[in-house]
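Enquirer: Sharing a sequence plus its predicted fold:
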Amino acid sequence: MGLAMHAYHDVHRCFPIGVAGQIRPGNTTFWHAGILPQLERANLFNLIDWTKLWNDKTSSNPDVCATHIPTFQCPSAGVAVIEYNVQGFEVRCPNIYLAVVERR
């Protein structure tokens with residue numbers, strides 16, 4: 001994942017924004033969506049509707065959130081759950097890694 005972050009930086013000259021709501025009010029898409037192309041998941045990245053919330057069922061965003069990406073789960077964490085319910089959304093795959101978000 002570190003290589004993906006640096007590959008993103010090479011292309012965009014910055015690291016991915018922590019929460020897209022900082023630049024797109026109302027959008028709560030997180031940093032890990034931004035590095036999908038660098039993780040060889042450009043097909044998934046291209047399905048994201050950046051004008052909609054992550055759980056907006058009129059878009060493909062819920063399907064993107066339901067996609068299991070092993071890179072986002074630390075192998076030593078011992079988390080056997082692949083999907084779980086959150087905020088009333090039935091299937092969402094966990095991302096075990098956090099990022100620091102700065103308000104500007």
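Expert: Looks like it came in fine. Numbers count the residues shown, from 1 in each chain.
Enquirer: And the strands in this structure, which stretches?
Expert: Using DSSP state E, the strands of the chain run over 84-86, 89-92.
Enquirer: Please tell me the pLDDT value assigned to residue 32.
Expert: Residue 32 carries a pLDDT value of 83.
Enquirer: I figured it hits residue 72, correct?
Expert: Yes. The criterion here is C-beta atoms under 8 Å, and residue 32 meets it with residue 72 at 6.0 Å. For every residue, glycine as well, the C-beta is placed using N, CA and C.
Enquirer: Comparing these two, which residue is more hemmed in?
Expert: residue 32 (18 against 15; other C-beta atoms under 10 Å).
Enquirer: Tell me the spacing between that one and residue 14.
Expert: 16 Å (C-beta to C-beta, to the nearest Å).
Enquirer: can you check residue 54 too?
Expert: Taken as C-beta to C-beta, the span from residue 54 to residue 14 is 22 Å.
Enquirer: again with residue 63
Expert: In terms of C-beta to C-beta, residue 63 sits 28 Å off from residue 14.
Enquirer: Just want to know which of those two has more residues nearby.
Expert: Counted by other C-beta under 10 Å, residue 63 and residue 14 do not tie: residue 63 has more neighbours, with 13 against 8.
Enquirer: Report pLDDT for the closest residue in space to the more buried one that isn't next to it in sequence.
Expert: Of all residues not flanking residue 63 in the chain, residue 47 sits nearest, at 6.8 Å (C-beta to C-beta, 6 or more residues apart in numbering). Listed pLDDT for residue 47 reads 93.
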